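Engineer: Sequence and predicted structure below; questions after.
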Amino acid sequence: MIAQLKIHDLLDKAVAGERLDPSEGLQLLESNDLSALGRAADEITRRLHPESYRTYNIDRNINYTNICTAVCDFCAFYRSPKSSEGYVLDRKVLLEKIQETVELGGDQILLQGGLHPEFKLEWYEELLQDIKRHFPDVNIHGFSPPEIHHFTKIAKLPLEEVLQRLQAAGLGSLPGGGAEILVDRVRDEITRGKVNSTDWLNVSRVWHRLGGRSSATMMFGHVETLAERIEHLDRLRQLQDETGRFFGVYLLDFSVGAHRNGPGPHGRVVRVFEDPRRIEALLG
Ligand code: SF4
């Protein structure tokens, strides 16, 4: 009963707009009181977003290659560079997919792929330029932090220069894929050859400093503890405090069996918080 009262005190605090610290967040997560959490979250959302409508955009996921030098235990999408099942999407096919998206009212593509071992930075610049030449009004939400970090290794160039060049070539915003749980104990257990927590955050930080905006993700339900989920959210909140340039957080549910049919790199979206004010509710 006392524990229940404490949970309701914490929820009242959050609804009133006060900031919860990580230990309070953990208490809420451990409470398992989904109804109370849901009611509080709804109240916060309505306070931050009182208008009677919600918005959406139409976009399409395009995975330009499934060839990847990393190994992630949860990913059924990637193929090793030696696999006969590896592909690089033909440019004509890629542009046709965008054309179909535009014809359906879409104005954005989510462009992601595996960590290709050979493509130089120029390949990605030319890809972006080609898309923008054909579809100047389509936003390219492309290249998650693991990809960007990989590009810096292949190009042997500083992160800032890589991001500046991609931005100049037409990159509009960065998707937050590949975050999983931003705690290296967890990452070391489920991924190999992929960006670590600090570097993932740093890609986002430098992109934000260049004036860019990006999203973030959290893939949960595997080897992480509840405290590590809170640590992940807290690290994102700290960066949001610093830059204010995250516009959304996507939560990815790793459920048994889902990985066998993985639709693309970096996970499966189950819930979306996509609004600067709603991210405030989540990370505030
Ligand atoms: S999740 Fe991304 S980095 Fe990991 S194996 Fe799949 S494509 Fe490669």
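Structural biologist: Happy to help now that I have it.
Engineer: L210 against L166, yeah?
Structural biologist: No. The criterion here is CB atoms under 8 Å, and L210 misses it with L166 at 9.9 Å. Where C-beta positions appear, they are placed from N, C-alpha and C, glycine not excepted.
Engineer: who has more neighbours, the two?
Structural biologist: Shown here are L210 and L166; by other CB atoms under 10 Å, L166 has more neighbours (24 against 13).
Engineer: Walking through the stretch 1-150 of the chain, point out its helices one by one.
Structural biologist: With DSSP state H, counting those that start in this stretch as the criterion, the stretch 1-150 of the chain has helices at 2-15, 22-31, 34-48, 91-103, 121-134, 145-155.
Engineer: Kindly reformat these as a markdown table containing mean neighbour count, mean pLDDT and distance to the ligand.
Structural biologist: Listed next are the helices of the stretch 1-150 of the chain as a markdown table, based on neighbours: other CB atoms under 10 Å; pLDDT from 0 to 100; distance: least, CB to the nearest ligand atom, whole Å:
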| stretch | mean neighbour count | mean pLDDT | distance to the ligand |
| --- | --- | --- | --- |
| helix 2-15 | 14 | 87 | 33 |
| helix 22-31 | 16 | 94 | 25 |
| helix 34-48 | 14 | 94 | 29 |
| helix 91-103 | 14 | 98 | 17 |
| helix 121-134 | 17 | 98 | 16 |
| helix 145-155 | 22 | 98 | 5 |
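Engineer: and the closest residue to I154 other than its chain neighbours, how many neighbours?
Structural biologist: Excluding its sequence neighbours, the residue lying closest to I154 (CB to CB, 6 or more residues apart in numbering) is K120, at 6.6 Å. Neighbour count for K120, taken as other CB under 10 Å: 12.
Engineer: List the residues that contact N139.
Structural biologist: N139 sits next to D59, D107, Q108, I109, G172, S173 when contact means CB atoms under 8 Å, 6 or more residues apart in numbering.
Engineer: pretty sure E161 is in a helix, no?
Structural biologist: Yes. Looking at E161 with DSSP: H, G, I helix; E, B strand; the rest coil, it is inside a helix.
Engineer: For it, give me the pLDDT.
Structural biologist: What the model reports for E161 is a pLDDT of 98.
Engineer: Near it, how many other residues are there?
Structural biologist: Around E161 there are 12 other residues, counting by other CB under 10 Å.
Engineer: Could you dump the helices of the stretch 1-150 of the chain into CSV with distance to T225 added?
Structural biologist: Shown next, in CSV, are these (distance: least, CB to CB, whole Å):
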stretch, distance to T225
helix 2-15, 19
helix 22-31, 10
helix 34-48, 19
helix 91-103, 39
helix 121-134, 36
helix 145-155, 23
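Engineer: can you map out the strands along this protein?
Structural biologist: Per DSSP state E, the chain carries strands over the ranges 59-63, 71-72, 108-112, 139-142, 191-192, 214-220, 246-253, 269-273.
Engineer: Just the CA coordinates for the longest helix along the chain, please, in CSV.
Structural biologist: Secondary structure assigned by DSSP state H gives helix 226-243 as the longest helix of the chain. What follows is helix 226-243, C-alpha atoms only, in CSV (Å, rounded to 0.1, in the frame of the first residue of the first chain):
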residue,chain,number,x,y,z
LEU,A,226,15.2,-2.4,-16.0
ALA,A,227,17.9,-0.1,-14.5
GLU,A,228,19.7,-0.2,-17.9
ARG,A,229,16.5,0.8,-19.7
ILE,A,230,16.4,3.9,-17.4
GLU,A,231,20.1,4.5,-17.9
HIS,A,232,19.5,4.5,-21.7
LEU,A,233,16.6,7.0,-21.4
ASP,A,234,18.7,9.1,-19.0
ARG,A,235,21.6,9.3,-21.4
LEU,A,236,19.2,10.4,-24.2
ARG,A,237,17.7,13.0,-21.8
GLN,A,238,21.1,14.4,-21.0
LEU,A,239,21.8,14.9,-24.7
GLN,A,240,18.4,16.4,-25.2
ASP,A,241,19.1,18.8,-22.4
GLU,A,242,22.4,19.7,-24.2
THR,A,243,21.1,20.1,-27.7
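Engineer: Report the angle between that helix and strand 246-253.
Structural biologist: Helix 226-243 runs at 170 degrees relative to strand 246-253, counting by axes from the mean of the first three to the mean of the last three CA atoms, to 10 degrees.
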